[in-house]
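Q: Return atomic coordinates for the entry below.
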Amino acid sequence: MEAFPADTAGRTPTLEEDPALGLGHREKMEILFAVLLGIFLVALDQTIVTPALPTIVTDLSGNEYYVWVVTIYLLTSTISVPFWGKLSDLYGRKPIFMIGIVIFLIGSALSGLSQNMATLILFRGIQGIGAGSLFPVALAVIGDLFSPKERGKYQGLFGAVFGIAFIIGPLVGGFLTEQISWHWIFYVNIPIGLVSLYFIARLLPTVKTERATRNFDILGGAIFAVSITLLLVGLTNKQTNDWTDPAVGGLIFASLIGIVAFIFAESRAKEPIIPLELFRIRTYASSMVATFFASFAFFGVVVFLPRYFQFVQGYSPTASGLAILPLMVGLIFSSILSGLFVSRTGRYKWLTVGAIALMAISMALMTQLTAQTETAVLWSWMFLAGLGVGPTFAVFTIIIQNAVPFRQLGVATSNLTFFRQIGGSISLAVAGTVFGTTFIERVAPQLAKAGVPPEIVSGFGQATASGQLDFNNLTGVGDLGAGILAALPAQLVSVVQPFITNIVTGVHDAFALAVAQTFWIAVGAAVIAALAASAMREIPLRSSAGATREAAPRIDAVAAGTDGVAAATDGVAAATDGVATATD
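A: Numbering: from 1, shown residues only. Here you go, the predicted model:
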């Protein structure tokens with residue numbers, strides 16, 4: 001099944017079939033503004049907290065729980081995404097979007113009031129639950145309001161919002177933390193969220209699907225939540241443990257068993273959280289695979305390049321955020337341009353394949369990174385990467401929303417968000433392992449190359465092997481030379497000190513080469529993403545914003561039994577406004 005034909009038989013569509021019914025252009029633009037504010041809340045929160053975290057954990061005396069401030073937010077937001085998408089299909093976008101914003105704002109306010117790490121982690125978890133609704137439901141709202149051909153004009157704005165948030169987030173976070181208080185990085189969400197709530201409450205139509213039932217898939221939801229929790233906790237533990245550790249490999253293996261059980265439960269559920277029949281649609285399935293691996297490829301750039309600028313080039317946390325501006329400029333530019341291109345031409349398949357191929361080329365260039373790489377050269381590579389990444393934000397949502405029945409638009413969009421987040425999470429664990437292993441392997445050769453005497457190089461090797469010296473703990477910000485000397489026994493300081501400049505150079509070289517090695521993973525992931533994108537079937541975009549015919553309640557029974565007919569009539573379906581599209 002690639003599409004389902006739409007046909008209103010000359011009658012006026014109902015509000016359920018066309019949620020934008022009766023809305024003028026101005027009202028649609030105001031709703032779009034409110035939705036973009038909701039997206040901005042999520043995007044800004046992901047970047048504004050990072051520069052403040054060292055100050056927060058120091059103030060709350062919780063360095064040992066540092067990683068959980070981020071992990072709990074990622075965990076609850078990722079797990080809740082498919083639930084929110086399903087609920088929005090059953091009960092309408094407006095109430096679910098507003099509930100999500102309210103939960104997010106409550107979590108933000110409580111996080112700002114936190115007086116210890118336990119409460120901060122708890123309230124960040126609440127914040128993440130609300131955040132899980134904002135992106136997928138916002139995209140579904142745009143899918144309701146605009147036809148597939150129109151959406152391209154506006155879909156690129158979503159990528160632009162993320163790019164802008166990525167730029168200003170570290171600046172705002174750093175300013176509020178240094179000049180006022182870290183508590184305000186959470187309070188700043190409240191006025192933005194209230195403005196979004198006002199426009200949504202006033203303008204967005206209330207559309208409740210007549211098919212909404214109480215047959216929510218509780219069993220599948222419970223299995224899904226437990227499985228993804230085990231997976232994400234296992235991946236988080238990988239930052240400090242080996243793959244073979246039960247806290248890593250054991251949890252991940254248990255999560256895989258849970259995922260198999262979840263698929264079994266979904267195949268028998270009346271209202272599955274993730275309808276498995278969607279994966280029978282080739283365009284939908286290939287888009288999910290492509291999105292997963294594209295996110296896998298891109299995430300390493302976002303994580304490791306700021307560390308490179310801070311540790312090797314000596315940038316401050318705020319300056320390192322600005323240093324990846326070329327990446328964001330490329331992303332914003334291509335995101336907007338690709339959306340306009342799809343809107344004008346209706347073609348998207350080879351645009352996405354070409355964009356991902358460009359991302360693969362840029363990642364291949366970054367494998368040549370060294371400590372001596374000119375900043376201008378690195379910026380040019382980053383700009384190319386941004387050009388490749390942009391269309392994956394702007395176009396894939398349009399593709400999948402154009403490939404599924406209208407009544408499943410919300411869950412399809414939330415699945416896309418889920419696959420993107422999981423791809424990034426797994427990428428972090430894998431790339432982190434490659435980085436850590438390569439860094440340790442390259443330290444001794446690079447120290448020797450930098451002119452450090454063999455006996456000192458050998459001493460460092462023995463100290464590292466015995467656990468007396470851990471170079472990974474010395475790769476933060478600050479004076480590396482002073483950190484190395486402080487970690488050495490007192491009797492060795494006078495021997496090592498004359499060569500400390502050479503040692504620092506060697507460590508910087510090893511760090512840069514380790515970062516470069518992680519981009520080989522990105523190259524492989526991008527190639528797989530491009531192959532998956534090339535497998536999709538390009539379904540022509542509809543020119544109306546109404547629902548597909550199967551969305552009409554009176555023909556649900558017919559729709560449920562016509563998958564085979566739909567698969568045989570793809571051309572007719574595409575020519576007759578077969579499916580709703582959305583934005584990525």
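Q: Using CSV, write down the CA coordinates of the host helix or strand of Val342.
A: In the assignment (DSSP states H and E), Val342 maps to helix 325-345. What follows is helix 325-345, C-alpha atoms only, in CSV (Å, rounded to 0.1, in the frame of the first residue of the first chain):
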residue,chain,number,x,y,z
LEU,A,325,27.7,28.5,12.9
PRO,A,326,28.7,27.5,9.4
LEU,A,327,27.0,24.2,10.0
MET,A,328,23.8,25.9,11.1
VAL,A,329,23.9,28.4,8.2
GLY,A,330,24.1,25.6,5.7
LEU,A,331,21.3,23.7,7.5
ILE,A,332,19.0,26.7,7.6
PHE,A,333,19.6,27.7,4.0
SER,A,334,19.1,24.2,2.6
SER,A,335,16.1,23.5,4.9
ILE,A,336,14.2,26.5,3.6
LEU,A,337,15.3,26.1,0.0
SER,A,338,14.5,22.4,-0.2
GLY,A,339,11.0,23.0,1.2
LEU,A,340,10.4,25.7,-1.5
PHE,A,341,11.8,23.3,-4.2
VAL,A,342,9.4,20.5,-3.1
SER,A,343,6.5,22.9,-3.0
ARG,A,344,7.2,24.2,-6.5
THR,A,345,8.1,20.9,-8.2
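Q: Please pull up the helix or strand immediately following that helix.
A: Next element after helix 325-345 (DSSP H and E): helix 349-366.
Q: Residue ranges of each domain in the chain, please.
A: 1-14+278-316+339-345+390-584, 19-207, 218-270 (automatic domain parsing).
Q: how about the ones you listed in TSV, adding mean neighbour count and distance to Ser362?
A: C-beta coordinates here come from the backbone N, C-alpha and C atoms, glycine included. Converted to TSV, these look like this (neighbours: other C-beta atoms under 10 Å; distance: least, C-beta to C-beta, whole Å):
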stretch	mean neighbour count	distance to Ser362
domain 1-14+278-316+339-345+390-584	20	9
domain 19-207	21	16
domain 218-270	17	25
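Q: Pick out the shakiest of those domains, pLDDT-wise.
A: The weakest mean pLDDT among these belongs to domain 1-14+278-316+339-345+390-584, with a mean of 70.
Q: returning to that earlier point: run the angle between the helix holding Val342 and helix 349-366 for me.
A: Inter-element angle recorded for helix 325-345 and helix 349-366: 170 degrees (by axes from the mean of the first three to the mean of the last three C-alpha atoms, to 10 degrees).
Q: that older thread, with distance to Ala360 as added columns, please give the domains of the chain in JSON lines.
A: Converted to JSON lines, the domains of the chain look like this (distance: least, C-beta to C-beta, whole Å):
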{"stretch": "domain 1-14+278-316+339-345+390-584", "distance to Ala360": "4"}
{"stretch": "domain 19-207", "distance to Ala360": "19"}
{"stretch": "domain 218-270", "distance to Ala360": "24"}
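Q: Can you say which of those domains is nearest to Leu322?
A: Taking C-beta to C-beta, domain 19-207 is the member of those nearest to Leu322, at 7.4 Å.
Q: Distance from that closest one to the middle of the chain?
A: Its chain's average C-alpha position is 13 Å from that of domain 19-207, according to C-alpha atoms, centre = their mean, to the nearest Å.
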